[in-house]
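Asks: one predicted model, sequence on top.
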Amino acid sequence: MTSPPRVLVGHGTENDFVVLPDPEGDVWAGDRLDAAMVQRLCERRAGLGGDGVLRLVRSVHVPDAADALGDDLGRCEWFMDHRNADGSYAEMCGNGIRLFLHALVAEGLVDRQTCTDGLLVGTRGGARRVGAGADGGYWVDMGPARPFGEGSAELDGRTFDGVAVSMGNPHLACLTDVPVEQLDLTGTPAFDPALFPEGVNVEIVNVLEAGAHVRLRVSERGVGETRSCGTGACAAAYAALRAEGATEGTVVVDVPGGRLSVRVTSATTVLSGPAVLVSAGVLCPEWLQG
Ligand SMILES: N[C@@H](CCC[C@H](N)C(=O)O)C(=O)O
């Protein structure tokens, strides 16, 4: 590293990320961004603080992009290299990918005017189209929710039953009448490892209006409780519609950090919401060496 690495901090409905611009893949090459560095960056007192890290990098510089994207590799100039706060990789991040596009625009790497039709971005869960909305926010075509069974999770001394849904990453979306604001989600959920061999994000969901409006709290794999989860909102919307026997509809999803909207059709799921950059600067060399 010749000059101090550039860094941004931002969030989507208060699901917050440390953003590392690295277009040519030379700033955080090799094992520089190992799990220990991700953990240090996400540390809320001794680091910058965040639920995860997003590295802005061209797909050609990511060794595992070819496996993740297959024939889409050539169509995805950019790759969302996402890490959870514990350093683990996730296949997909719905809040992160909106912030990813916002940061590409802010860094002058992509022209916002050209992304109203969306830009195809590579992720470890495959290619996703993300675009700028007329309201200043962003949308992302997440692909269809893929149910893969039913299960339960134990949290705060209770058992919550739910539907297992893949949005590229694994979720257990649990509809319940227990008011979510009463729950203590500081613990780690217990779940069935046979159903979720790669771990799971657990959404606890109250239905406010059948098939149209829900409120959720989430315990994320690799992080703990966060203020929002975009893929979790999609899983919750799918579960809320399914409870009504519906496969299509638009669901407003309230999370502790704000509001998201999820449009579900028979073909796909479109998540919409804000993306906010809070600060931009550089990492101090003495911190990096510490
Ligand atoms: N908060 C994200 C999801 C991040 C990944 C998740 N913790 C996992 O490990 O699957 C979102 O907005 O979707």
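Replies: Perfect, I can see it now.
Asks: quick check: residue 267 vs the ligand, distance?
Replies: To the ligand, residue 267 is 20 Å away according to CB to the nearest ligand atom, to the nearest Å. Where you see a C-beta, it was placed from the backbone N, CA and C, and this is true even at glycine.
Asks: give me the element the residue nearest to that residue when sequence neighbours are not counted is part of.
Replies: Nearest residue to residue 267, sequence neighbours excluded (CB to CB, 6 or more residues apart in numbering): residue 144, at 6.5 Å. For residue 144, there is no enclosing helix or strand under DSSP states H and E.
Asks: what parts of the stretch 151-290 of the chain come near the ligand?
Replies: Proximity of the stretch 151-290 of the chain to the ligand, by CB under 6 Å from any ligand atom, involves residues 169, 201, 220, 221, 222, 223, 226, 229, 230, 231.
Asks: TSV for those residues, including pLDDT and neighbour count?
Replies: Formatted as TSV, those follow (pLDDT from 0 to 100; neighbours: other CB atoms under 10 Å):
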residue	pLDDT	neighbour count
169	98	27
201	98	25
220	98	27
221	98	23
222	98	18
223	98	20
226	98	26
229	98	36
230	98	28
231	98	32
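Asks: restrict stretch 151-158 to CA atoms and write it as PDB.
Replies: Extracted as PDB, the C-alpha positions of stretch 151-158 are listed here (Å, rounded to 0.1, in the frame of the first residue of the first chain):
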ATOM      1  CA  GLY A 151     -38.200 -24.800  11.000                       C
ATOM      2  CA  SER A 152     -37.900 -23.100  14.300                       C
ATOM      3  CA  ALA A 153     -35.400 -20.900  16.200                       C
ATOM      4  CA  GLU A 154     -35.000 -20.400  19.900                       C
ATOM      5  CA  LEU A 155     -34.500 -16.800  21.000                       C
ATOM      6  CA  ASP A 156     -35.100 -15.000  24.300                       C
ATOM      7  CA  GLY A 157     -36.300 -18.200  25.900                       C
ATOM      8  CA  ARG A 158     -39.100 -18.700  23.300                       C
END
